[in-house]
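**Q** 3D, please:
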Amino acid sequence: MRKASWLVLALALAFAFGLAQLFRWRFEAGDVYPQYSSLRTDPLGTRALFESFQAIRGVSVARNYQPLERLKPGDTTIFYLGVDSDALGPADLENFDKLTAGGARLVIGLLPILDFPPETLRRRVQLKPWGVTLALAEPNPKRVSNLLYFIVSKDWSVARATSGHAVLIERKFGKGSVVLAADGYLMSNQALMFDRDAGLLSWVAGANRRLIFDESHLGVTETGSVAALGRRYHLHAFVAALLLLAVLFIWKNSMPLVSAPPVEHSTAPAAQSWGMPHYLLRRAAPPGELMAACLNEWRKSLPLGPRYSEKKLQRAEEIARSEHDPVKAYRAIGQALAGEK
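**A** Below you'll find the model as predicted:
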């Protein structure tokens, strides 16, 4: 039993360790997060850009897990990356206008479109309040490239164009500004590894010393749960200690620290077992005192039964005190009371 308990405990610990390692590897790789998330470390993430800005002295870099309406813009550059061009609506533009009116620089990186959609799905997305139209170029049969580009009004300035099509544009809005990138690739981990353009990235970030990478629009949000609070206040060691205490508590209750004494099992067959009364008698009176105890109990019932002479009763008491074998004493007392010599 002891060996089996140790085996179960070892298997449980091994399973818990393996599960923790699996989650750690997945979260370190970052592929559990959406594309262009600053928490993602593979080529499709932007963690390299986040950490690069973080390494610059005097620059404050943070992630936002709350809705944009709760942000206090000020002199802040907000990276809003991995956006589907079809998902931009009037409500989004209103929120963006509030941020730029407060002095924020908003960098919007769209998801690239690499395949030309069927004719029934081809359409131009118009951001009328901003004077921008999102259009698709004809695909190049020689190489795969992003087909999305901008048709802009005179209020916009073009920072980069490909094949005569604007793909990176900027416009001033109130105290702030908006940067639109037709392809957020230039800010991805892969671009920083193989096609880095530090000057362009510096221009995209602007002069603000406070940078925020928005994660809420990618579905990575804080819900106010206990787990989120634990991550915020770095309570990982405390949670690990609680889990260890839980394992020790289960182990303590599954097997005692001091081994139990061996249980004596009767070798007598079931047919010779006298049952519970015999067990109680063995615990209440030693074998040498058993007949004396029985004789005392028997004398209490004398008024209800046959009468014996005082001489026979004294003889029975002498036999009970002198004879330690209960069987022999019982037979001798029976003969004395019956009058046999």
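
**Q** which residues in the stretch 151-300 of the chain form strands?
**A** Taking DSSP state E, counting those that start in this stretch as the test, the strands found in the stretch 151-300 of the chain are 157-162, 165-173, 176-181, 210-214.

**Q** quick one, which of those is nearest to residue 86?
**A** Closest to residue 86 of the strands of the stretch 151-300 of the chain is strand 176-181 (CB to CB; 15.0 Å). All C-beta atoms are positioned from the backbone trio N, CA, C, and that covers glycine.

**Q** per-domain residue ranges of this structure.
**A** The domain map for the chain lists 21-222, 223-256, 274-338, with the assignment taken from automatic domain parsing.

**Q** Comparing the ones you listed, which comes out most buried?
**A** Most buried of the domains of the chain, by mean neighbour count (mean count of other CB atoms under 10 Å): domain 21-222, with a mean of 16.

**Q** Rounded mean pLDDT for that one, please.
**A** In this model, domain 21-222 has a mean pLDDT of 87.

**Q** now it: how far from the chain's centre is it?
**A** Between the centre of domain 21-222 and the centre of its host chain there is 31 Å, according to CA atoms, centre = their mean, to the nearest Å.

**Q** what about residue 45, which SS state?
**A** Three-state call for residue 45 (DSSP: H, G, I helix; E, B strand; the rest coil): coil.

**Q** Do I have it right that it meets residue 51?
**A** No: taking contacts as CB atoms under 8 Å, residue 45 lies outside contact range of residue 51: 10.9 Å.

**Q** between the domains of the chain, which gets nearest to residue 10?
**A** domain 223-256 (10.6 Å).

**Q** is it true that residue 185 touches residue 146?
**A** Yes: if you go by CB under 8 Å, residue 185 and residue 146 touch, sitting 7.5 Å apart.

**Q** intersection of neighbour lists for those two?
**A** Counting by CB atoms under 8 Å, 6 or more residues apart in numbering, the common neighbours of residue 185 and residue 146 are residue 112.

**Q** so where do the helices sit in this protein?
**A** 2-29, 47-54, 90-101, 189-194, 198-205, 226-232, 236-254, 275-284, 290-300, 310-322, 326-338 (DSSP state H).

**Q** The last one versus helix 310-322: what angle between them?
**A** Relative orientation of helix 326-338 versus helix 310-322 (axes from the mean of the first three to the mean of the last three CA atoms, to 10 degrees): 170 degrees.

**Q** Let me see the mean pLDDT of helix 326-338.
**A** Helix 326-338 shows a mean pLDDT of 80.

**Q** In PDB, list the C-alpha atoms belonging to it.
**A** The C-alpha trace of helix 326-338 is given here as PDB (Å, rounded to 0.1, in the frame of the first residue of the first chain):
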ATOM      1  CA  PRO A 326     -11.000 -21.600  32.000                       C
ATOM      2  CA  VAL A 327     -12.100 -24.900  30.600                       C
ATOM      3  CA  LYS A 328     -10.800 -27.100  33.500                       C
ATOM      4  CA  ALA A 329     -12.200 -24.600  36.000                       C
ATOM      5  CA  TYR A 330     -15.600 -24.600  34.400                       C
ATOM      6  CA  ARG A 331     -15.800 -28.400  34.600                       C
ATOM      7  CA  ALA A 332     -14.500 -28.600  38.200                       C
ATOM      8  CA  ILE A 333     -17.000 -26.000  39.300                       C
ATOM      9  CA  GLY A 334     -19.800 -27.900  37.600                       C
ATOM     10  CA  GLN A 335     -18.800 -31.100  39.400                       C
ATOM     11  CA  ALA A 336     -18.500 -29.300  42.800                       C
ATOM     12  CA  LEU A 337     -22.000 -27.700  42.500                       C
ATOM     13  CA  ALA A 338     -23.500 -31.100  41.300                       C
END
